[in-house]
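> predicted model and sequence below, questions to follow.
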Amino acid sequence: MAAEKLRDLSQPIDVGVLDATVAAFFVTGSKEEVVSISLGSSFRPNCSVFSIGLNEQGLGLGVRAFELYYFVINRRCSSNHVQRAAADQILRDLQANPDMWLQVVHILQNTKSMDTKFFALQVLEGVIKYRWNALPVEQRDGMKNYISEVIVQLSGNEASFRSERLYVNKLNVILVQVSAALPDNMQCIFLVALLSEEVFDFSRGEMTQQKIKELKQSLNRHVKLSENLIFSFEFKLIHELCLYVLSASQRQDLIRSTLSALHAYLSWIPLGYIFESPLLETLLRFFPVPAYRNLTLQCLTEVAALNFGDFYNVQYVKMYTVFIGQLQAILPPSTNIPEAYSNGSDEEQAFIQNLALFFTSFFKFHIRVLESAPDIVALLLAGLEYLINISYVDDTEVFKVCLDYWNSLVLELFDAHHNSDNPAANANLMGLQISFIPGMVDGLGSQVMQRRQLYSNPMSKLRGLMISRMAKPEEVLIVEDENGNIVRETMKDNDVLVQYKIMRETLIYLSHLDHDDTEKQMLKKLNKQLSGEEWAWNNLNTLCWAIGSISGSMAEDQENRFLVMVIRDLLNLCEITKGKDNKAVIASNIMYVVGQYPRFLRAHWKFLKTVVNKLFEFMHETHPGVQDMACDTFLKIVQKCKRKFVIVQVGEHEPFVSELLSGLATTVQDLEPHQIHSFYESVGNMIQAESDPQKRDEYLQRLMALPNQKWAEIIGQARQSVEFLKDPDVIRTVLNILQTNTSAATSLGTYFLSQISLIFLDMLNVYRMYSELVSTSITSGGPYASKTSFVKLLRSVKRETLKLIETFLDKAEDQPHIGKQFVPPMMESVLCDYARNVPDARESEVLSLFATIINKYKGTMLDDVPNIFEAVFQCTLEMITKNFEDYPEHRLKFFSLLRAIATFCFPALIKLSSQQLKLVMDSIIWAFRHTERNIAETGLNLLLEMLKNFQQSAFCNQFFRSYFIQIEQEIFAVLTDTFHKPGFKLHVLVLQHLFCLVESGALTEPLWDAATVPYPYPNNAAFVREYTIKLLSSSFPNMTAAEVTQFVNGLYESRNDPSEFKKNIRDFLIQSKEFSAQDNKDLYAEEAAAQREQERQRMLSIPGLVAPNEIQDEMVDS
């Protein structure tokens, strides 16, 4: 009966019964008892998370966390499960009742139970979140006013406020949610801090950035509309209240709360409230007080980050002047800030963090104001000195804040220097160090030089900072672990790589501003490594990473002098230093530095030979990471200096490559297989640079002697007994030999012909045998057989065989005789084998191999396409169309093969039957429906090829009559699907092609079916226009017929202007609301790509900014 009485909301709810129901759901007893149990030593371990949270944070745990605490504690501690389940069901029913919220005021006024109050407020919270805007205005205002009154009543008395603090906090949250729900109708701005944080800080996952921006604009608009608006009046009252509290109150907690509130809204209030009131002076008055220092500094940082022209420059200068004066008293310039930070309390560390934010924000927007005031320049330099010292603090986040600012400042100084017509600056940029002569330049050039001189000392100190804190580059594989041991890096740290990129860029700009100072500081630090004065792994690492990072930034003659000293000193350091870990660290740094300076190595043969021989030494060093790095560096050097190794150098009796091949077995004897493969690719690069065919073949024969000898032994044994090839160790050896060949083929290309011809037929025989073994194993053992180690090993050999052939054909020059030699034998051994195999035994590499062959030999493969199609099309389609997940590699490679056929052997597709062509078109549509980006893009590119080729064929009318409408419908479907945003560019191209086609008159037969269309259209363009309008109108009922018609007409009008056509579609997508609350960067991918290319061209114009190894064009090597 009691339950039914509770569920009847036609009359005021019985609060006593509700209290009993809530108590039954929660633990019996008061919440104080629960808290006391949870904080006591007898508290159960499974509740310890909550007790720790309360111990550490007290009542500051937060309303939401406290609600969770209530729920879990009471749920876990409850003993009467049946009673609790019944109460749970009643409370759920009440929450689900849409009229329950009308009882909230009655419940809050009549209950003494905190649990019941929280239950009532949770009901109200749900209504605010989902139904608030649908309620009558008088009901919303009444609830808001009631909550406000309760808050004021409870807060008016300190005793009641403290005893009901959690309840007040929850009411505050409710009131903020009410205010945020109606930004255009707000009559007040209670609890400014909570509102600002809730809307602008904590709602990022639930609100779009545009919505947040609109809310901010709405808040500002209310202030600016009229002085007689209630909002404006109350905002003014709040501002005055804050100032009053700060000037008159002596209560520390009240002042701190007021500063927190100020910090929350300083970023969006009108500037007049900041600069045309005593607010700044008041904040600066509180800054020296330790209890308020951090909160005050956060407020000042918000002010510093505001940038609205020059109107308030005087106030900013005054603010900075007073601030620096106070700071120098609080934190004397002589303070060792990194040491103070490491030994400081949490509050003191937070102060340094906030100080970094203040300086970077202020300098970013207002440094020019400080530069222009001669009496302030000294204070500006003092602030930069503070920031440099803060940058040495051992805290990643603090350093990131500082680094971002340093990068922007140095870029600004460099750009001004780089773009000026100042002859002194241009001379310096070319590496010519000349003194500034007064009167030599004037105007802008003079200002640039004066500004550079102003910052010369801070920039010199900044160079020292960048050198001593340089992040680890990607090429360095040897790191120090948490135990202080030198180990091989197991996982790349993307944050460190991003930091290295920024630091490298910053140091290159600094180098251009003063090459001599950069060189001087680096050599000085290197000397201290040699003398042992500053010897430490980290010191040497950061120094060498910095040296490597500025490659290409100096003039060549200066770089040569610099590198001679650096490499000589590093080699000496390696010789004189004892200890395996020490030598490993030095070795990694030598390898990194030399790998960054190919220009220097090409100009200095003796250094190049010494370095390469040193790398060969490191290849015998088994310390983790050293061999890998040696092989990587060797490959990098050879790719840029390969010609140097195949000519007889002065003082030598034979080319270095010949000397290397003579000792090949010794050099690689300690390397792992993957390292040997890298080594073979490197030597292949050398051999490829030899212009004499006879010498080239001789070098290749010597290079492949070791694997060929082993291959001959295996084939000889197999001819005696084929069972020999089934031994797992033999299979691994075969795989290793094939991988070695692939590595050599990668760098040799066409010149690998003699080697692959030697092993080709035997390789196909092994392929065929292993393929039969795989099929037999899977047929007899079922699907799980494909997961066995034996079958995986066999398939690895098959895949490597296909990869070797594909690599050679792809790298080889387009010579018809090569295709004729290698393709026919593969038709039976590879293609037919693919068709015969069970699905799990089919290798996707077969599809990519024949795609490569068709792309390479184009129309000459036309007669072979029917056989290829017959072998792979139907069976592969059956594998990949059952779902979107199975055989992912086959999917992408299948459509790549189809695209190659459509591009270069299109006549073969025309010969397909209508049923076969329908299968092709269905597979294309299926491809661009796929949510995997590469597959969808391949399908769209294939569709474009088909459209272009069929438009020019005799079957144009027949094809487009069958597929035009289907293609348009499918493209619009994926275009308006947010999962397919990455394909936007190609969607636009397809639609543009279709609209241009119907307007061009190329289609001479109607696209509509006369049997189903009641009246004829004047032309295809009119039919497609009307069809498109109907299609979009039915798909987007939220848009008016006029809007859709305007969009379609716009598409036809802009069909010959790709840029305008794309803009029309992009605007439609956003207007249709399908993309309005999304991250739409993919819709602007082309523009972003153009910006990236523009940025790359800018970087290429600045010496050193793009590392030599990142430049694709091979350096002149003669």
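Great, that's in hand. Numbering: from 1, shown residues only.

> distance of Lys583 from Gly595?
As judged by Cβ to Cβ, to the nearest Å, Lys583 and Gly595 stand 18 Å apart. All C-beta spots, glycine's among them, are computed from the backbone N, C-alpha and C.

> those two - which one has more neighbours?
Using other Cβ atoms under 10 Å as the criterion, Lys583 and Gly595 rank with Gly595 on top: 27 against 19.

> can you name the element that comes right after the helix or strand hosting Arg463?
Taking DSSP states H and E as the criterion, Arg463 maps to helix 456-469. Downstream of helix 456-469, the next assigned helix or strand under DSSP H and E is strand 478-480.

> does anything pack onto the longest helix along the chain? Which helices or strands?
For the chain, the helix with the greatest residue count under DSSP state H is helix 753-781. Helix 753-781 is packed against helix 693-703, helix 705-720, helix 728-748, helix 789-811, helix 816-826, helix 833-836, with contacts defined by 3 or more Cβ pairs under 8 Å, 6 or more residues apart in numbering; DSSP states H and E.

> okay, the angle between that helix and helix 705-720?
50 degrees (axes from the mean of the first three to the mean of the last three Cα atoms, to 10 degrees).

> run the chain-centre distance for helix 753-781.
Relative to the chain's own centre, helix 753-781 is displaced by 42 Å; criterion: Cα atoms, centre = their mean, to the nearest Å.

> avg pLDDT for it?
Here helix 753-781 scores 92 as its mean pLDDT.

> any chance you could list what contacts stretch 614-622?
With Cβ atoms under 8 Å, 6 or more residues apart in numbering as the test, stretch 614-622 has contacts from 571, 583-584, 587, 590-591, 626-627, 629-631, 633-634, 637, 667-671, 675, 679.

> repeat for stretch 15-24
Residues from elsewhere that reach stretch 15-24 (Cβ under 8 Å, 6+ apart): 2-3, 5-6, 80, 83-84, 86-87, 90-91, 106-107, 110-113, 115-116, 119.

> and with 6 Å instead?
Applying Cβ atoms under 6 Å, 6 or more residues apart in numbering, the contact partners of stretch 15-24 are Ala2, Leu6, Gln83, Ala87, Ile90, Ile107, Asn110, Thr111, Ser113, Asp115, Thr116, Phe119.

> would you list the residues you listed in CSV and tack on neighbour count?
Rendered in CSV, the data for the contacts of stretch 15-24 read as follows (neighbours: other Cβ atoms under 10 Å):
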residue, neighbour count
Ala2, 13
Leu6, 18
Gln83, 15
Ala87, 20
Ile90, 21
Ile107, 22
Asn110, 15
Thr111, 18
Ser113, 20
Asp115, 18
Thr116, 22
Phe119, 22
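
> could you identify the most distant pair in those?
Gln83 and Asn110 (23.4 Å; Cβ to Cβ).

> give me the below-cutoff pLDDT ranges for this structure.
The chain contains residues with pLDDT under 70 at 1-3, 27-80, 179-235, 418-445, 481-483, 486, 490, 1073-1089, 1109-1118.

> what's the burial count for Glu489?
Using other Cβ under 10 Å: Glu489 sits among 17 other residues.

> wait, it sits on Glu480?
No - using Cβ atoms under 6 Å, Glu489 makes no contact with Glu480, being 10.1 Å away.

> now Asp310: how far from Leu409?
Taking Cβ to Cβ as the measure, Asp310 falls 20 Å from Leu409.

> more neighbours, the two?
Neighbour count, other Cβ under 10 Å: between Asp310 and Leu409, Leu409 has more, with 22 against 10.

> quick check: closest non-adjacent residue to that one.
Take Leu409 and drop its neighbours on the chain: the residue closest to it by Cβ to Cβ, 6 or more residues apart in numbering is Phe363, 7.1 Å away.

> again with Leu703
The shortest distance from Leu703 to any non-neighbouring residue, by Cβ to Cβ, 6+ apart, is to Val683 (5.6 Å).

> again, but for Val1024
In space, Val1024 is closest to Val998, 4.9 Å off (Cβ to Cβ, 6+ apart).

> tell me how far that neighbour lies from Ser1054.
From Val998 to Ser1054 the distance is 15 Å (Cβ to Cβ).

> compare the two (neighbour count), which wins?
Neighbours per residue (other Cβ under 10 Å) separate Val998 from Ser1054, with Val998 holding more: 22 against 18.

> contacts only, for that one.
Val998 touches Asn1020, Ala1021, Val1024, counting by Cβ under 6 Å, 6+ apart.

> from the residues you listed, which ones fall inside helices?
Among the contacts of Val998, DSSP H puts Asn1020, Ala1021, Val1024 in helices.

> of these, which is the nearest to Tyr392?
Once Cβ to Cβ is applied, the member of these that ends up nearest Tyr392 is Val1024, at 67.3 Å.

> what about the closest one, distance to Tyr1052?
Look at Val1024 and Tyr1052: by Cβ to Cβ, they are 9 Å apart.

> the two: who's more crowded?
More crowded of Val1024 and Tyr1052, by other Cβ under 10 Å: Val1024, with 24 against 18.

> what count of nearby residues applies to Arg92?
Neighbour count for Arg92, taken as other Cβ under 10 Å: 11.

> start at 23, not 1
I'll keep to 23 as the first residue from here, and by that count the last item is Arg114.

> measure it to Thr43 for me?
11 Å.

> what's the spacing between Tyr295 and Tyr287?
Distance from Tyr295 to Tyr287, by Cβ to Cβ: 9 Å.

> same check, this time on Tyr1074
Tyr1074 sits 50 Å away from Tyr287, taking Cβ to Cβ as the criterion.

> from the chain's centroid, how far away is stretch 400-410?
The answer for stretch 400-410 is 34 Å, by Cα atoms, centre = their mean.
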